[in-house]
Every structure is written in structure tokens, then in C-alpha cells.
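Trainee: could you work out the structure for the sequence below:
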Amino acid sequence: QVRLVESGGGLVQAGGSLRLSCAASGRIFHNDAMSWFRQAPGQEREFVAGVSRTGTNTAYSDFVKGRFTISRDKGKNALYLQMNNLKPEDTAVYYCAAQPLDWDMPPRYAGQYTYWGQGTQVTVSS
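Mentor: Reported below is the predicted structural model:
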């Protein structure tokens with residue numbers, strides 16, 4: 001059974017940092033693009049950052065550029081998101097997503113991903 005399990009969320013003050021992790025199991029994810037999305041209450045799920053199946057290419061939403069860094073460890077079947085200089089508007093549930101692809105760029109739309117984790121809450125206080 002394919003599973004994605006996020007961890008590392010929590011409560012942090014504005015300006016602080018968190019590192020999210022996503023552990024993938026059930027199969028090998030070497031041919032998958034993997035991404036982070038987030039969803040705030042009453043909002044649609046939005047793309048945060050993604051890394052291509054080879055790890056060569058990354059993509060970020062404008063609102064996190066320069067603050068968040070995505071990385072993956074294929075040996076551990078894991079995905080990470082280092083979040084620095086957090087802002088109250090970063091408060092949301094953060095989801096890990098994976099999708100096997102033939103091309104080497106991470107998609108930015110939630111509908112393009114088949115596999116999802118259950119999410120981890122990130123709360124940033126002002």
C-alpha cells in the first residue's frame with residue numbers, strides 16, 4: 001500500500017523556522033515528481049514547492065521564494081521542506097504529494113497528483 005506520511009509541523013512565532021518531512025512507502029518513488037501543497041481554512045489547496053523526479057529541477061510559488069527550500073532523499077524515499085522566516089499567512093495544513101512522470105518538472109496543480117499524505121498543521125503566530 002502506497003503511503004505518504006508528513007511530519008514536522010507545529011506552532012512557531014513569525015520569523016521562525018520549521019522543517020517538514022514526508023516519508024514515502026509502499027513502492028519506490030524514484031520516477032515521481034514530489035511536491036508540497038498547503039491549504040488554509042476556506043481556501044483552495046495551493047502549490048508551495050516541487051522537485052522533479054531526478055531532483056534536477058525545482059519549482060516554487062512566488063510567496064515562498066527565498067524562504068522555503070525543497071529537497072528529496074531518494075535513498076530514504078523522503079521529501080523535505082525547510083521553511084524559514086515564516087509568516088502568519090503561511091498558516092495552513094501542508095500536504096506531500098507524489099506523481100510518477102515521464103518528464104522532469106514538478107506539476108503545479110493538485111489535480112495532477114495521484115498520491116497524497118494526510119497533512120501536517122503549521123501555525124505561525126504574529
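Trainee: tell me which residue is most central in the chain.
Mentor: In the chain, the C-alpha nearest the mean C-alpha coordinate belongs to Trp36, at 1.9 Å (Cα atoms, centre = their mean).
Trainee: name the residues of stretch 23-36 that are buried.
Mentor: Buried residues in stretch 23-36, counted by 16 or more other Cβ atoms under 10 Å: Ala24, Phe29, Asp32, Ala33, Met34, Ser35, Trp36. C-beta: built from backbone N, CA, C; applies to glycine.
Trainee: sitting in strands, which of these do you find?
Mentor: The members of the buried residues of stretch 23-36 that map onto strands under DSSP state E are Ala24, Asp32, Ala33, Met34, Ser35, Trp36.
Trainee: out of those, which is nearest to Thr114?
Mentor: Lowest distance from Thr114 to these (Cβ to Cβ) belongs to Asp32, with 9.2 Å.
Trainee: tell me the pLDDT of that closest one.
Mentor: Asp32 carries a pLDDT value of 94.
Trainee: what is the end-to-end distance of stretch 49-66?
Mentor: Using Cα to Cα, to the nearest Å, the end-to-end distance of stretch 49-66 comes to 12 Å.
Trainee: in that stretch, which residues are buried?
Mentor: Ala49, Gly50, Val51, Ser52, Arg53, Thr58, Ala59, Tyr60, Ser61, Val64.
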